[in-house]
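Novice: coords below, sequence missing:
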Ligand SMILES: [Ca+2]
Ligand SMILES: [Ca+2]
């Protein structure tokens, strides 16, 4: 069960609040709701997620139940992020490969990943970036070597995606879907859509 903590607390008095654009969107998520691959005994388990911006970057800040100690690059993946930058479901393509519910109109997609330290604690995080076409085809814009990396603080890992790479500008509102990758529940780990107004 996913929820936006702030929204739930205000839901009774402001039922339309969820649809309103915000400059900071916060989610909480249970610990222990993930199932990893057979060779991954400690799958990334998100417990909190903040989406913000700083005038230059969209900032994805996630807190995990435990620090990641990936033993493969695959295990370093922390979160999927899908961007509908024009808030138009008719442009772009299906998010998350079309395999995780109805996530339409996605223009760009990102994978947040922790640094790979050969089984030691990941020190930084970053976000790769792909463009998504109507047929679902993806093409790489930023690979892992070009992405901006940010130092971790305890169990909190932060990734940044540049406005210029998304083709967005300050004051613009974009739609973002985040996905907890190892969540096999009914929503496949997809958080409720966020409308983020960029600083
Ligand atoms: Ca979780
Ligand atoms: Ca779109």
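Specialist: Nice, thanks for sending it over. In this text the structure is predicted, and so the values were computed from the model without any measurement. Ligands and ions are numbered 1, 2, ... in the order given.
Novice: from here on, contacts and neighbour counts on C-alpha atoms
Specialist: OK.
Novice: Distance across stretch 139-152, terminal residue to terminal residue?
Specialist: Criterion C-alpha to C-alpha, to the nearest Å; first-to-last residue distance in stretch 139-152 is 28 Å.
Novice: ok, and what's touching it?
Specialist: For stretch 139-152, contacts defined as C-alpha atoms under 8 Å, 6 or more residues apart in numbering pick out 122-132, 157-161, 165.
Novice: try 6 Å
Specialist: By C-alpha atoms under 6 Å, 6 or more residues apart in numbering, the surrounding residues in contact with stretch 139-152 are 123, 124, 125, 126, 128, 129, 130, 131.
Novice: Buried by neighbour count: which residues of it qualify?
Specialist: For stretch 139-152, burial by neighbour count (16 or more other C-alpha atoms under 10 Å) applies to 141, 142, 144, 147, 148, 149, 150, 151, 152.
Novice: do stretch 59-74 as well
Specialist: Those would be 59-71, for stretch 59-74 by 16+ other C-alpha under 10 Å.
Novice: circling back to that earlier point, let's have the contacts of stretch 139-152 in TSV, adding distance to residue 114.
Specialist: Shown next, in TSV, are the contacts of stretch 139-152 (distance: C-alpha to C-alpha, whole Å):
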residue	distance to residue 114
123	7
124	6
125	4
126	7
128	11
129	15
130	18
131	21
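Novice: Which of those lies at the shortest distance from ligand 1?
Specialist: residue 125 (17.9 Å; C-alpha to the ion).
Novice: I'd guessed the closest one sits against residue 111; true?
Specialist: No: contact criterion C-alpha atoms under 6 Å: residue 125 and residue 111 do not qualify, at 10.3 Å.
Novice: on that earlier part again, looking at the contacts of stretch 139-152, spot the one nearest residue 52.
Specialist: Ranked by distance to residue 52 (C-alpha to C-alpha), the contacts of stretch 139-152 are led by residue 126 at 15.1 Å.
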